[in-house]
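>>> the sequence and its predicted three-dimensional model are supplied below.
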Amino acid sequence: TENNDLAEPRMAQTQYEKDNVAQALVESLSDSNVEYAAPNYLSKTQWTPSDWNASRHFYLNQSNVENMWDAQSCPGGANCGGNSDVVIAVIDSGIAYEAYDDQTGFGVTGRNFTALADDLDGGSFNLWQNTDTGSTGNAEIANDGLDNDCNGVIDDINGIDTYAYNYLYGISDTCVAGNPVDFSSDNHRYRRKPGHPIDTLGHGTYVTNVIAGRSDNGNGTVAPAFNTTIMPIAASIEMPGDYYGWFYDSDVISGISYASSYGADVINLSIGGNYYNQSYQDAINFYTETFGVVIVASSGNDYGWVR
């Protein structure tokens, strides 16, 4: 899942194509060198309400959030709404943390996005920043078209777009002999790119607002952890007309790997599906046990069985 030289998977839609997938799995599993094989399933973001009025968000009362705030001595307590040292990675459709014009140059969505300034831009919303110096001893610099820290992701100052990283950009060598390759002429600012986890759907922004949107400012938004730091990770595929978005398992697993490696304390997955994938489970087991990260996922939105 860390190979950014992959061809984008084809979706098996007809019974013939599904039978081909099944046959490929049988052949792979018959190879003694293969530990296991699984389809690259699709999952999707869960339903979100159209009205963001906190008075209608019944889960706040059911979760005893008010008691939590009392225990944190809100509003003046040092840990009211969490602490900025706590990093929550939101693997979703990205976050609208800045205005983004994708209608020019190499734009792939043909749309224009405006940051949700009142709730996510500045104030008590803490946007994660990559300060790691990597193998080069150099920290990443925003929007310069260079992979300054040589971690394989260009301009990932605030997070990663794993779908772009795995399938869209087609770049395998961002550094040569430890020196960053200059991609600044590739119109890097106006494009869905590996180091730019901007929201192209809206769901990730909403989820982030539920977790850590600015609170107590008269805008009607109430979030339990408004003082924590958010690491945005975009992973949704481009599917025009489908607001809720879809995700390849491989991109979500890449996001779990990135978030864990860069110090996330909690990973939020507000996505779901009705299948079991061993590679998904292995990734969860490995990163929770090795890095101590807590992974939180939604369940029950489709009124189905919860396993």
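Received it, and whenever you're ready, just let me know what you need.

>>> helices along the stretch 51-200 of the chain, start to end?
Using DSSP state H, counting those that start in this stretch, the helices of the stretch 51-200 of the chain run over residues 59-62, 65-71, 117-120, 162-163.

>>> lowest average pLDDT across those?
Lowest mean pLDDT within the helices of the stretch 51-200 of the chain: helix 117-120, a mean of 48.

>>> assign M231 to helix, strand or coil.
strand (DSSP: H, G, I helix; E, B strand; the rest coil).

>>> my guess is it meets Y262, correct?
Yes: using C-beta atoms under 8 Å, M231 is in contact with Y262, at 7.0 Å. No exception for glycine: its C-beta is placed from N, CA and C like everyone else's.

>>> who has more neighbours, those two?
M231 (29 against 20; other C-beta atoms under 10 Å).

>>> which residues does that one form a beta bridge with?
A89 (DSSP bridges).

>>> quick one: contacts of stretch 22-37?
For stretch 22-37, contacts defined as C-beta atoms under 8 Å, 6 or more residues apart in numbering pick out 38-39, 278-279.

>>> and these, which are buried?
Among those, those classed as buried by 16 or more other C-beta atoms under 10 Å are 38-39, 279.

>>> quick one: which of those residues sit in helices?
Counting by DSSP state H, the part of the buried ones among the contacts of stretch 22-37 found in helices is S279.

>>> list just the nearest of the buried ones among the contacts of stretch 22-37 to G292.
For these, the residue nearest G292 by C-beta to C-beta is S279; the value is 21.0 Å.

>>> who's in contact with that closest one?
Taking C-beta under 8 Å, 6+ apart as the test, what S279 contacts is 36, 38, 249, 253.

>>> out of those residues, which is most surrounded?
Each of those was scored for neighbours by other C-beta under 10 Å, and I253 scores highest at 24 neighbours.

>>> which of the helices or strands spans that one?
helix 249-261 (DSSP states H and E).

>>> and that helix, what's buried?
In terms of neighbour count (16+ other C-beta under 10 Å), helix 249-261 has its buried residues at 249-260.

>>> contact partners for D199?
92-96, 113, 205, 232, 234.

>>> tell me the one of these nearest T133?
After measuring those against T133 - C-beta to C-beta - the closest member comes out as P232, at 21.2 Å.

>>> pretty sure the closest one contacts Y97?
Yes: here P232 lies in contact with Y97, judged by C-beta under 8 Å, at a distance of 6.5 Å.

>>> more neighbours: the two, which one.
It is P232, of P232 and Y97, that has more neighbours when counted by other C-beta under 10 Å, with 27 against 24.

>>> and that one, what is it in contact with?
Going by C-beta under 8 Å, 6+ apart, the list of residues near P232 reads 89-90, 94-95, 97, 127-128, 158-159, 197, 199, 204, 208.

>>> okay, now the unreliable bits of the stretch 151-300 of the chain?
Where the stretch 151-300 of the chain drops to pLDDT under 70, the residues are 170, 185-191, 215-221, 239-244, 300.

>>> and A212, how far from I295?
According to C-beta to C-beta, to the nearest Å, A212 and I295 sit 17 Å apart.

>>> which of those two has more neighbours?
Higher neighbour count among A212 and I295: A212, with 27 against 18, using other C-beta under 10 Å.

>>> can you tell me how far the more buried one sits from W128?
Distance from A212 to W128, by C-beta to C-beta: 11 Å.

>>> ok, I157 next?
9 Å.

>>> can you check P39 too?
Distance from P39 to W128, counting by C-beta to C-beta: 32 Å.

>>> for the stretch 1-150 of the chain, what spans make up the strands?
In the stretch 1-150 of the chain, the strands defined using DSSP state E, counting those that start in this stretch lie at 42-45, 87-92, 100-101, 112-113, 126-127.

>>> between the longest one and helix 249-261, how many degrees?
Right, the one you point to is strand 87-92. Going by axes from the mean of the first three to the mean of the last three C-alpha atoms, to 10 degrees, strand 87-92 is angled at 170 degrees with respect to helix 249-261.

>>> helices and strands around strand 87-92, which ones?
Other helices and strands packing on strand 87-92, by 3 or more C-beta pairs under 8 Å, 6 or more residues apart in numbering; DSSP states H and E, are helix 203-212, strand 229-234, helix 249-261, strand 266-269.

>>> can you give the distance of the first one from its chain's centre?
Distance of helix 203-212 from its chain centroid, counting by C-alpha atoms, centre = their mean, to the nearest Å, is 11 Å.
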